[in-house]
Every structure is written in C-alpha cells, then in structure tokens.
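Novice: what follows is a predicted protein model with its sequence.
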Amino acid sequence: MNIQDKIKSISEYRSIDDVIKKAKESLNVPFKVYDKKNRLSTRSKGNLGNIVEEGLFGYPLNSDQEPDFPHLGLELKVTPFKYNNNHQVTAKERLVLTMINYMEDYNVSFEDSKCFHKINKVLMLFYNHDTSLPKTDYFISKIYLYLFDYLPEKDKLIIKKDYETIINKIKSGHAEDISEADTFYLGACTKGATAASSYREQPFSDIKAKKRAFSLKSSYMTQLLRSDVFNKNAITEESLITDLKELTTSTIGDIIERKLNTYKDKTLSEIDKSLETKVNRSSKSYLRTYISRMLKSSIDNADNLEEFKKANIKIKTLRINRNGKIRESMSFPSFKFTELVKQDWFDSDLRNQFVNEKYLFCVFEEIDDSKHEYVFKNAFMWFMPENILDNQVKDVWEDTKKKATEGIRLTPKKQQSGKIVIENNLIKKSDNMIVHVRPHTVNSYHRINGVSYGKGSPDTDGDILPNGDIITKQCFWINNDFIINIININKKSKSIKF
DNA sequence: GCATGATCATGC
DNA sequence: GCATGATCATGC
C-alpha cells in the first residue's frame, strides 16, 4: 500500500466516533480473525496492535511520530491487562507513546511535543493477557477513549512536570542519567534493552545515552483501568496533593519530602503530640503509620493514596541504631523459584520491580529501642540506579537462577537448643553483593529428599524447587550497609545544596 | 488465608 | 555485634 492509499484508507474515518464504531466491531473477536499476514506465528512484540491496524482498520504499519489518525489527532493503542493474585485488574505493561529524540526534543515545549501529540487523544483497546489461552484467541474486551483535556487537572500537571524532568536531563547534558523510575506518571522507558547498540547521541554531551521512549507507567495505567476503564465501583481514593499550585514548580517527590521534613528532628512522642494522636508502637509497622499520618493526619496507610498508587511509590522505613548502622536489611515480596528459572534477566520480575517502583526512604534514629522511641531524621525518594541493577543485582539474580536450576544445597543443622535450621548456598549478605537472598514467610518449611522440616506448611510457607525439594519461600533483600551508604550520600548532596 | 513490611532469636 | 534463618502483625 502506498502513501496515497494509506491516506485514503485512514480518511474514511471522518470522526473519532467513526473510529470507535469500527473498534467496537473487534469486541470479543479473537485476534486470529484479523491476522491477515500471519503475524501471530512470529514472536515479535507489539504485533497485536499491528494486526488490529491492518486487519480491522485497514491501514499499514507505521512507526510515525504522528498519531495514527492524523486528521483526527487520534492515536490508537492496543494494550494488555491481567488479573493479579488478588484478582484485581492490572496493566500488564507501560503504554509506550513515542521515541525520545534527544537531539530535537529538548527545545520543544510539552504542548508542542511529539509526546503530547501522541498522548492528547488515545483510543485504548484493552485485551486480557490470559496465559491460559493461545495468543491467537486473545480478544479486545474494553475500549476506552483517553482525552488529555479531560484528565484531572492534577494529573495533567504531574505529566507535564514529568516531561520537563526528562527534558531537563537532556538540557543539562545528562541524558545518560535518565531513569524510568525518576518520574511519576510519564516515564522514559528503555527501548531495545539488551542491545549494546541501543545507544544514541545527545546534544550537550559526548556520552551516548540509552535509547528511550515516553510512556505512561504501568502503575498509572493500572489505576486508569481500575477507576475509569472498568469503572466497576468508581474508586475514590484519598489523595495527598490538594494544592495544585505547588505542582507547577515541584514534583510529587519534592512535595512529599517537604511535607515530611517539617517533622525533621522530632521524636515520635513529639510527633504524636503535634498530630494529636498516639500511634500504637507495638505493631511492627508503627514507623510506617507515623509516616502516613505525617503525610495526611486522617490516614494510617499512605500506600492507598492516589498519587502513591499511580506513581508506584513504596514507603520504606529505616531505623538507624545508636552505632550509626541499620539493624535490618530491606525485604521485598517473595518470589517463586519455578517462575524465576523460566525468566530472562531483562524480562524478570526482579528487574521489572526495580525499574517500575520508586521508594520513599524514611530515616529514623534510635533514642531508646526498648520504648520504640526514635527521632525522625529525613525522608527522600530513591530508586535503584539502572547501572547497579544491570550489574550487581543482575549477578545475584543470575546466581540464584543458576543454583535453582542446578539444585540448591539444603543442609539441616542441629542447634544447641535441639532446634533444626536449614542452611542453604544462596547469596548471603556476607557475600557483599548489594542484594542477597533470604527467607520471607510466616513460618519455615523445607522438604529435602521427602523429609519435612519446620513448623510451616508446604503450601503457604514452602516454595517448590525444580528438583522437587521444597524451600522456605525466599525474597531478595537489599543489604543494610548498601542502604546506609545511600542515606549518607543523600545527606551529603543535601548539605552541598544548602 | 495469605502476602507483605518489618522485626526477632540464636549462635558464632 | 552481627549474620542468618526464622518469625510476627497487619490488612486486604
């Protein structure tokens, strides 16, 4: 099809309604019906979108930075959702908008940018990525017209600010430091992650920067799905930011840090007093409750705040001992070895977790741990830098995968008390590799060569290994001495600033 | 009922 | 005093 034919085929659609009408024909129809060029037999990504463009709408593939229907200013996106373990609808991935052109984009305002033209009006066609079905039987089940003009004012400001954060990195000659987790709703995701060739030049530095694209984060898409697309019981979440003026000059992160740091150097008891509450400190999550109330006095769990969900911000509380060290390393959700061994690093759950999540580190210093009395020192946003992620963290992950595949050594050891603990040969904190692997359950449970150990249960506490043994569920931990470094570096950079 | 953030207890 | 395996308390 030549360009004239393309214009002809697209201009058949005279209005956005025409496009929606056509899109509705695809509801519940398996993709194989539209797969005219047999693309589903290949493994290339994104081909479901291509199939719909060709087979339903009748126009050829393109990777233009123009919207798919230029005369309507309308972009078409075919994108998957899934159901998580709690049976909640969840975006399977970020929504990629368009490539970042480091050499040109830096002097274009958000409103005039390629990015804006792609995000302004988007017809989103959602399909369920249901792994129990063959890909050819997937089908569109939701159609949603995303209009930037009609977004909540706050979301528009946050997205615009995110765009500026990314552009400012280019302007300052540090496009190589752009990270997806640096921004909140609009991200700069990598494209062609594995290839060393996927680097591009930038205007104000000789250092090559990774090829990246503007995208709506998967956490943002998840909230969009839950509150707007499925709209089952229009979730009304509490939100943190009410003063929109702040967002023209500050990021969400700035605002959160500022709010919390008004409590700098206050003891927990003093914070109780100034908030006119009394947090129950016997719970293991009492510091998190403090942070939640410091952010918004009416809430106990800031995880549920709208902005935290959309931006995938995770609160991490840190207690510093009197000797200046952190008592504990930092845990993450447990993983399944049978899943891990099937994955490749670049598509692994662990890598995705660190690329997609950002952390609000909240630092408390001990006064008297026996009374759970601490001083709040500061709070700051942190994310795992991609160069550490793809080197040191990757190494631990690869080691874990290798051992799981070849067989993890599990050794029962009888302690003096008579209790039996099971030693393993996974990466330990003492291996000094930034992260390590350790149990994460309610109780321990092992089954080695058919013999059971521990008071837990195989189903809830155990995780089956490729060789049939069962190990107590494990997770990746960030070493506490790596974290104390981050805290100290943050302290220094802040003190230089002032 | 279980996942998760967080912390405990033992032995070296 | 710390590393490691084990475990607690909460909320969905």
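Specialist: Here it is on my side, so go on.

Novice: now residue A:100. Nearest residue, chain neighbours left out?
Specialist: residue A:212 (4.9 Å; C-beta to C-beta, 6 or more residues apart in numbering). (Glycine included, C-beta is placed from N, CA and C.)

Novice: who does that neighbour bridge with?
Specialist: residue A:190 (DSSP bridges).

Novice: surely it meets residue A:190?
Specialist: Yes: look at residue A:212 against residue A:190 with C-beta atoms under 8 Å: they come within range, at 5.6 Å.

Novice: anything in contact with each of the two?
Specialist: Common neighbours of residue A:212 and residue A:190 are not found (criterion: C-beta atoms under 8 Å, 6 or more residues apart in numbering).

Novice: need the contact list for the residue nearest to residue A:100.
Specialist: A:99-100, A:178, A:188-191 are the contacts of residue A:212 under C-beta under 8 Å, 6+ apart.

Novice: which one of those residues has the most neighbours?
Specialist: residue A:100 (29 neighbours; other C-beta atoms under 10 Å).

Novice: in this structure it contacts residue A:166, no?
Specialist: Yes: Residue A:100 is within contact range of residue A:166, at 7.1 Å (criterion: C-beta under 8 Å).

Novice: quick one: common contacting residues for those two?
Specialist: A:188, A:214.

Novice: next, the contact list for the one residue in the stretch 151-300 of chain A that gets nearest to DNA strand C, please.
Specialist: Using C-beta to the nearest atom of the strand, residue A:283 is the residue of the stretch 151-300 of chain A that sits closest to DNA strand C, at 3.4 Å. Residue A:283 sits next to residue A:289 when contact means C-beta under 8 Å, 6+ apart.

Novice: how about it, secondary structure?
Specialist: Under DSSP: H, G, I helix; E, B strand; the rest coil, the three-state class of residue A:283 is coil.

Novice: for it, what are phi and psi?
Specialist: phi -80, psi 150 (degrees, to the nearest 10).

Novice: report pLDDT for residue A:277.
Specialist: Each residue has a pLDDT score; the one for residue A:277 is 85.

Novice: residue A:309 versus the closest residue to it other than its chain neighbours, what's the distance?
Specialist: Nearest non-adjacent residue to residue A:277, counting by C-beta to C-beta, 6+ apart: residue A:293, 6.1 Å away. Taken as C-beta to C-beta, to the nearest Å, the spacing of residue A:293 relative to residue A:309 amounts to 18 Å.

Novice: again with residue A:170
Specialist: 29 Å.

Novice: which residues of the stretch 1-150 of chain A fall in strands?
Specialist: Assigned by DSSP state E, counting those that start in this stretch, the strands in the stretch 1-150 of chain A fall at A:75-83, A:89-91, A:95-99, A:121-128, A:140-147.

Novice: against which helices or strands is the shortest one packed?
Specialist: Contacts of strand A:89-91 with other secondary structure elements, assessed using 3 or more C-beta pairs under 8 Å, 6 or more residues apart in numbering; DSSP states H and E, are made with strand A:75-83, helix A:218-224.
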